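Chemist: make a model of this:
(2 chains)
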Amino acid sequence: MASPKEYAYYLEGNKVGIVERDTAFDNDPNSKDYGPGTHRSVWKSPLSDVTDALEVKYTYAPIYRIILPTNTDDVNVYYGGTNGKLRLGDLSSPYKEFSTLFDVGDYIVLTSGGKFNGLHKVTAFESSTGTDNVIVTDTDYSLNQIPVTFEEVTKLYYKISALQDESFELDLPLYLQKALVYYVKAKLAEDVAQIELKEYMMKEFRRMLEKYENSRISGLRIISSGANAIR
Amino acid sequence: MKVKELMERIGLKETGKAIAYIKDGLEEINMLTEVHTRLERFDITKDQRFYTLPNEMVKMIDIRVKNHLNSKDEYRSIPRMLHKPIIKDADDV
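Modeler: Numbers count the residues shown, from 1 in each chain, chains lettered A, B, ... in the order given. Next comes the predicted model:
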């Protein structure tokens, strides 16, 4: 059985800093912290490796729609090539031939791919093993020139529908599709400096969002102190 | 509703402009409500403090860690620090 730990986080740019409370007994006579257990309340970088330990739940913009039945495969490495574009590849035998699954110009979606989750456009295929086992995307990335293995089994969805032309079916509840109409109208009004009209459209947009939120909660919304609160 | 229908409702004929504003709108909707959510897992590595968030993330809903204040492999929400910790990360990684 794993031992209990205590974590906290803070944000730094587009990164999340994870710290763990160090509960180990410490008594450093060479430090100003001299005294038994003075480090007990100190937060430090994680003290041990833990697989799949950090879960981040977030919202994303649905600028693509995964079509059923899903077409999926997986990739296991990523790296930045000479032109500073992200490459996704399969470097475990038997090597895949991605060019038989989809074409240059198609869109793909990654999940469980850490920071690379989401939509990417295929611009070329490359071969490092005799097959087209590397996908070149139009996503900028130049940090690692040598392949880095993904932490998880990274799923790749292909033959998906991406928001790129008029035929795209919006992946939103019906009510929010109408709210989106108000949003686009507001932006168009803003373009021609009709600020009053823009404010009216944005008000309607927000009103519809609130109504949508409230429609999922039945009964009264009551704010009160908890059952064990001090009165 | 297709993009074409939305353009007809507004009377807009420029597809590129419509798509740009629709993308903005979809982000705004997911900033204000939680319609499309996703859960991503990362390995915690000893002495590695920083973990890059997904680029497609619009709004963070929750951060949970396995075995936080429990020993049953449960994932529990962790608190956000009000002040950054005194002990800095040596290599800033």
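Chemist: could you count how many residues lie near the closest residue to chain B within chain A?
Modeler: Nearest residue of chain A to chain B, counting by Cβ to the nearest Cβ: residue A:118, 3.3 Å away. In this view, the C-beta of every residue, glycine as well, is placed from N, C-alpha and C. By other Cβ atoms under 10 Å in any protein chain shown, 20 other residues sit near residue A:118.
Chemist: run the chain-centre distance for the helix or strand harbouring residue A:135.
Modeler: If you go by DSSP states H and E, residue A:135 is part of strand A:134-140. Strand A:134-140 sits 18 Å away from the centroid of its parent chain (Cα atoms, centre = their mean, to the nearest Å).
Chemist: so which bits of whatever helix or strand comes next after it are buried?
Modeler: Downstream of strand A:134-140, the next assigned helix or strand under DSSP H and E is strand A:148-158. Residues of strand A:148-158 classed as buried by neighbour count (16 or more other Cβ atoms under 10 Å in any protein chain shown): A:150, A:152, A:154-158.
Chemist: so which of those are also by chain B?
Modeler: Filtering the buried residues of strand A:148-158 for proximity to chain B by Cβ under 8 Å from any Cβ of the partner chain leaves residue A:152.
Chemist: from the buried residues of strand A:148-158, which is closest to residue B:41?
Modeler: Within the buried residues of strand A:148-158, the smallest distance to residue B:41 is 6.5 Å, found for residue A:152 (Cβ to Cβ).
Chemist: pretty sure residue B:42 contacts residue A:56?
Modeler: Yes: in terms of Cβ atoms under 8 Å, residue B:42 counts as a neighbour of residue A:56; the distance is 7.2 Å.
Chemist: show the contacting residues for residue 18.
Modeler: Went with chain A since none was named. Residues near residue A:18 by Cβ atoms under 8 Å, 6 or more residues apart in numbering or on different chains: A:7-9, A:45-46, A:54, B:44, B:49-51, B:65, B:78.
Chemist: ah, no, chain B please
Modeler: Per Cβ under 8 Å, 6+ apart, neighbours of residue B:18: A:166, A:184, B:3, B:6-7, B:10, B:12.
Chemist: part of a helix, is it?
Modeler: Yes: the assignment for residue B:18 by DSSP: H, G, I helix; E, B strand; the rest coil puts it in a helix.
Chemist: how about the strands of chain A, start to end?
Modeler: A:7-12, A:15-22, A:42-44, A:50-60, A:64-65, A:71-80, A:85-89, A:107-111, A:118-126, A:134-140, A:148-158, A:161-162 (DSSP state E).
Chemist: dump the ones you listed to TSV, plus mean pLDDT.
Modeler: Listed next are the strands of chain A as TSV, based on pLDDT from 0 to 100:
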stretch	mean pLDDT
strand A:7-12	92
strand A:15-22	90
strand A:42-44	83
strand A:50-60	93
strand A:64-65	91
strand A:71-80	84
strand A:85-89	89
strand A:107-111	91
strand A:118-126	90
strand A:134-140	90
strand A:148-158	87
strand A:161-162	92
